[in-house]
Structure formats: structure tokens, C-alpha cells
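>>> okay, predicted coordinates and the sequence, questions at the end:
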Amino acid sequence: MPSAMSDYISLRRTKIVATLGPATDADDELEKLLRAGVDACRLNFSHGKADDHIARAKKIRQVSANLNKEVAIIADLQGPKIRVSRFKEGAIYLKEGETFILDVQHPKDAGDETIVGVDYPNLHEDVKAKDYLLLDDGRLVLEVIEVKGAQIFTNVIVGGKLSNNKGINRQGGGLTAPALTDKDKEDLKTAVALGADYVAISFPRSAQDMQEAKALIQAAGGKCGVIAKIERAEALDVIDEIIYASDALMVARGDLGVEIGDSELPQAQKYLIQRCRTLNKPVITATQMMESMIDSSIPTRAEVFDVANAVLDGTDAVMLSAETASGKHPAKVVEAMARVCVGAEKHRGSLTSGHRVECRFEGVEEVIAMSAMYAANRFSIRGIIALTESGITPLLMSRIRSGIPIFALTRNIATERKMAIYRGVYPMNCAKEFDQIAKDDTFACEVLKSHHVAKKADYVLITHGDLAGQAGGTNTLRIVQVK
């Protein structure tokens, strides 16, 4: 019999991704996070060394095994984050109206109030007069006056403190740095070696960037899914192609907001979530969701609304970054986020769906998944059992807004972990009983009874394929009554 897990009783459908870091390394902090409701752990390759990530991944698997709760590991590559170099004094202050030079050939540690180096050697080729460059997540604004050789002369429009290694964005996008740097390619090998379930690709501009990442993963002997982090303005122009080429998408609101502007960001988030749901791919909403809880023990009301709105938009998962990686209250942040998600999921709009009402389906598996969800939403179904090899059927089911829990039973542990980020899907391993469940409704009913989802005389829905072990073979839907 698949093992029961009390976390499912709460039936929170939106998944939580937590970034690991120094704050989660201490004592039993990681166990507290998983108990609080974390479904996926993010390893941020922008910080730390390979050994740090390998050690954290090993601990994730150990703690998960102890709690009998498999979680996904997401290896988040740094990507071509374009930054200023370093200053002689560590920081300077830029005054509005003054001239400041960005020089790709300037010594890396010799920046001052007039000039600083840049770590991207082609920046001078990507910008022109009247472009706006946004530094430190948009806190400082420079207007390009002219470009002379390797030097970019700018006028300070919005000044302030500028310290070492702060990021540079071009308003409107257009920087041509490749999505995968040499560092990323080495980190990708590390991600495969530590057993990551997903690799997040930063700053992709096209489907080709995602395809290149997939090829490198395959060459390294891995089967990780790829997540496209939407951070560049130009990615929005080809978003469908990027989504099709990816296994999931992340709305990375930091750099994306800098490039397209704060006023455009809310509608971009809603559009990206909607496109992912339409194209049958999971989506994660990220960046500053509960930023104040790096120090505070409670979120602001604005943060509560931010998380709730992402849930109502239909996001599969919400992500925490510094809040858990370096914050003072990692477990409290997760608990707070879980409460907000559950509250938002009670809204009527979170329980109904018109997804694909007028569309033709493309395959038998999609027919079964859509039929199951429409039946569940329109009949007294208490829960769904989906037997799956690849996780495709539960993913398709999860695109339909519903309050009906989907228990995805698989004998493939890699599939179990990847499904951890699917909204409303509760993955479970049933290697021993998989064939038996397909033949005997009693096993499936017992799963739902053990999680307090169904009781005697309730109706439940079961999907599976005729040929056990065949990925993509789901062709059977049954409605049974619990005995």
C-alpha cells in the first residue's frame, strides 16, 4: 500500500519552492522547511561552490527519505548576468546630471566616481545613444550619450549608491549575451551529477537556448527537465516557442520587471501564467514574494495579496528566494505562504475552469485527462487516482481549475519528483502495487480513504492504461464507489 502522508490532508494545491542557503544549512532547518510544506528545493548556482550544492542535494534526499516525502530539486543556473566590475573603495555614489563611463576594457578592480569596468565584453556593441541602462535592479538609471570604442558615456538620470558587481539591464531588452555561459555549462554537469530534477535556464531569448540546454543535459547523461526563466523583454515576443521547448516556465519578475518596466509587469505575469496553462506546461511565479520576511516574522499585506493573486492567476507554484536562503525565519515564511495559498484557493474563481471547452483534443491521453476533470467538476467525485509512468496525464489534469485532489501514483521515482511542482497533484510512489491498482479498485479507494479524502459510498475516479509500463498509454477512465 502506498505510504500515507499527513500533509495531503490540508489539500493545498499551489506548490511551494524554497531556495536553500546558509539559513537552511543549520541543524534541522531543512526538515522544518519540508514539514512546513516545501514541495521543491532550489539550488542557486549564482552563489556558492559545486561542493555546496552537492552537499545540499544529498541532504535533501536524506531528509526527504526520512519524512517519506519526495521533493523536486531545481538547479538554477546563473546565466549571463551582466554586471559592473569592482570599485577601489567598494562603492561610489552617482549624482544626477553627472557623466559616468562604462568601459569593457577598464581594469576590473579600479572603478571610481567617473568610470567602472563591465564583465560583459560586448556591451558597447549592444547599446547606442539614447538607450537607458538600469543598474542594481533598476535603482539607478543611466542614459547613453555616446559610444566611443569600448567606452559607453552616460548621463546619470537617477543616482544613488553603486557597489561592486551590481547588475546591468537595458530598458526594453536587446542585450545579446548567450543564455548559457561557460560557467553555466560546467554547473549543468554538476546539476546532472547531483541528481537535479529540473535545471532552470536564466535569460533565454529563444527556443534554441532551451534546446541547447537539453542537448547538454543529454550529453552529460542526465534526464533533467528544463525550466525557462523569463527575464528578458524579447523572450515575450517568442514566448510560445520557448514554452513548447521547455518542461516548465518561471516568471522571474526581478530582471523582467527592470527590462519591461513595473507598470507592464503585472499583465506580463498574468499572460505568462495563462499561456503556460493553455500550452500544458507548469509555471512558477518568483521574486520578492515575501521579501519582508527576510527579517520580519510576518508578511506585509501587500505580500499576502501578491501571493494570493498569483494563486488566483493559476500559477502552479510560488517561490521563495532570500526569504529562506538567508532569512531569519525560513520555516515561518513557508508556513505563511502555505496559509495564503490555501486561503486564495477557497475563492470560487480558483475552483472553476473553461479550459479547452471548445477545443479538439490531440490524443487519447488528453481526452481521458480532460474528460476526467470535467466529470470530477460536474459530479460528486471526491478524489482522482491517476496511474502514470511519465506524469503526462496528471499534468494535463492539473491545467483544469478544480478543488478535486489528483493523486498521481507512479513506480518511477524521477516522475514522482518532477510532478511535485504540478498544481493540485499529489505524487506518490507505488512500485509494488502499481499493476494491482490498475486491476483492483480497492487499492485506489484505500489510498483516498487513508488521506481522509473519501469515505464509504463516495465516488472516486481512476485513470490508467491497458499496458502497464508504457508511457503515454493512458486510455481508461472509471468511476467507482468506495466500499
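Arrived safely, thanks for sending. Numbering: from 1, shown residues only.
>>> residue 332 - that's part of a strand, no?
No: counting by DSSP: H, G, I helix; E, B strand; the rest coil, residue 332 falls outside a strand, being helix.
>>> all numbers from here: first residue = 27
I'll keep to 27 as the first residue from here, and by that count the last item is residue 358.
>>> could I get the contacting residues of the nearest residue to it once chain neighbours are set aside?
Spatial nearest neighbour of residue 358, excluding adjacent residues (Cβ to Cβ, 6 or more residues apart in numbering): residue 323 at 5.7 Å. Backbone N, C-alpha and C define where each C-beta goes, glycine included. With contact set as Cβ atoms under 8 Å, 6 or more residues apart in numbering, residue 323 has these partners: 354, 355, 358.
>>> now the second one, nearest residue through space, not along the chain?
Read it as residue 355. Nearest non-adjacent residue to residue 355, counting by Cβ to Cβ, 6+ apart: residue 323, 5.4 Å away.
>>> what pLDDT, on average, does the helix or strand hosting residue 284 get?
Using DSSP states H and E, residue 284 sits in helix 279-286. Mean pLDDT, computed over helix 279-286, is 94.
>>> that helix: what's the following helix or strand?
Next along the chain from helix 279-286, counting by DSSP H and E, comes helix 291-304.
>>> following that next one, which helix or strand comes up?
Toward the C-terminus from helix 291-304 - assigned by DSSP H and E - lies strand 309-312.
>>> for the stretch 127-276 of the chain, just list every one of the helices.
For the stretch 127-276 of the chain, the helices defined by DSSP state H, counting those that start in this stretch occupy 149-152, 208-219, 233-245, 265-270.
>>> same question for the stretch 327-476 of the chain.
Under DSSP H, counting those that start in this stretch, the stretch 327-476 of the chain gives helices at 327-339, 348-351, 356-371, 390-404, 418-424, 439-444, 460-465, 467-476.
>>> can you tell me which of those the model trusts least?
helix 460-465 has the lowest average pLDDT among the helices of the stretch 327-476 of the chain, namely a mean of 73.
>>> with just CA atoms, put that one into CSV.
Provided in CSV are the C-alpha atoms of helix 460-465 (Å, rounded to 0.1, in the frame of the first residue of the first chain):
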residue,chain,number,x,y,z
PHE,A,460,1.1,-0.4,-9.5
ASP,A,461,-0.2,-3.4,-11.6
GLN,A,462,-2.6,-4.4,-8.8
ILE,A,463,-4.2,-1.0,-8.6
ALA,A,464,-5.0,-1.0,-12.3
LYS,A,465,-6.9,-4.2,-11.8
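>>> packing partners for that helix?
strand 407-413, strand 432-436, helix 467-476, strand 485-491 (3 or more Cβ pairs under 8 Å, 6 or more residues apart in numbering; DSSP states H and E).
>>> which of these sits closest to residue 192?
strand 432-436 (43.0 Å; Cβ to Cβ).
>>> lowest confidence element among the helices and strands of the protein?
helix 460-465 (a mean of 73; mean pLDDT, DSSP states H and E).
>>> and the contacts of that one?
Taking Cβ under 8 Å, 6+ apart as the rule, helix 460-465 contacts 411, 413, 435, 436, 437, 456, 469, 470, 488, 490, 491, 494.
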